[in-house]
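S.K.: structure of the sequence below:
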Amino acid sequence: MLYATAQELMTLFLKGEYRVFYENQLSFYLLDFMTLGSGDSLRNPHGPMAWFITGGTIGNLNEEEFFKSVSNQCKTGDWLMISMDTIDKESQDRESYLKEVKENYDQPYVRDFLRPALATVWPHLGNKNAIEDAVGKISVEFSHPEHSPKVPCSVPLICTTPAKDGQDMVLMVSTRYDVDSFEGFAGERGFKHVGTYESKLNSSFKMLVLEYDAEARPGTY
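M.R.: Next up is the predicted model:
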């Protein structure tokens with residue numbers, strides 16, 4: 001996750017203009033952005049900040065926990081920019097699109113991508129079958145009892161493999177979102193919608209710009 005302090009940066013980004021930032025203009029932190037606390041001291045005194053989560057990464061996360069974490073650092077006026085894969089809940093091409101997505105994930109290169117992480121934890125979980133057997137049994141589905149979507153109308157694609165005692169291990173989640181539903185979800189958590197920007201290369205990939213209002217933050221956060 002990235003963040004910046006300049007209003008100018010946000011303006012350039014939305015205009016599609018880009019600038020090279022040299023190393024001495026950036027600060028680097030090694031933190032888990034899913035568990036940010038109010039005491040992590042990431043803020044700069046120079047006004048509102050812009051936070052970025054790019055590459056569709058939000059679709060791999062627990063969205064509720066993500067918004068809770070980021071709101072621990074945000075102040076009123078901060079911007080949050082989230083890129084995501086989207087799907088129109090009323091699109092007539094919905095089924096063919098989802099079929100194509102599933103076929104793209106049910107491929108050897110996805111299993112190769114998941115193999116190293118699975119191999120790291122597999123011996124420590126008491127599983128008796130070989131790692132290659134687990135990789136070969138990776139399943140790709142759009143629903144699974146081990147995963148409940150947090151954002152209404154979202155479509156999570158879930159990669160699992162059978163583990164000990166017949167339980168499935170969730171290896172990866174990649175979610176597609178209905179934009180209106182995501183805007184509502186964010187708004188209920190203190191992040192109001194400012195704008196949506198569509199990729200010129202892929203119309204289903206979008207960037208949402210949200211502005212934080214601390215007074216609208218839920219009491220449960």
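S.K.: list the contacts for Asp78?
M.R.: By Cβ atoms under 8 Å, 6 or more residues apart in numbering, Asp78 lies in contact with 48-51, 211-212. No exception for glycine: its C-beta is placed from N, CA and C like everyone else's.
S.K.: of those residues, which is the most crowded?
M.R.: When neighbours are counted by other Cβ atoms under 10 Å, Tyr212 leads the contacts of Asp78 with 25 neighbours.
S.K.: that one contacts Gly77, doesn't it?
M.R.: Yes. Look at Tyr212 against Gly77 with Cβ atoms under 8 Å: they come within range, at 7.0 Å.
S.K.: buried residues in stretch 175-192?
M.R.: Within stretch 175-192, the residues scored as buried using 16 or more other Cβ atoms under 10 Å are 175-179, 182-183, 185-186, 189-191.
S.K.: narrow these to those in strands?
M.R.: 175-176, 191 (DSSP state E).
S.K.: what is the nearest of those residues to Glu90?
M.R.: Arg176 (13.9 Å; Cβ to Cβ).
S.K.: partners of His147 in the sheet?
M.R.: His144 (DSSP bridges).
S.K.: actually, Arg176.
M.R.: Applying DSSP bridges to Arg176 gives these bridge partners: Val155.
S.K.: I'd like the distance between it and Glu64.
M.R.: Distance of Arg176 to Glu64, given as Cβ to Cβ, to the nearest Å: 18 Å.
S.K.: which residue packs closest to the spatially most distant residue from the centre of the chain, ignoring adjacent ones?
M.R.: Centroid-distance maximum for the chain: Lys128 at 32.8 Å, with Cα atoms, centre = their mean. Nearest non-adjacent residue to Lys128, counting by Cβ to Cβ, 6 or more residues apart in numbering: Lys164, 7.9 Å away.
S.K.: so what's the residue count around the one you found?
M.R.: Residues near Lys164, counting by other Cβ under 10 Å: 11.
S.K.: which stretches of the chain aren't confidently modelled?
M.R.: Scanning the chain with the threshold set as pLDDT under 70 gives 1-28, 38-41, 92, 220-221.
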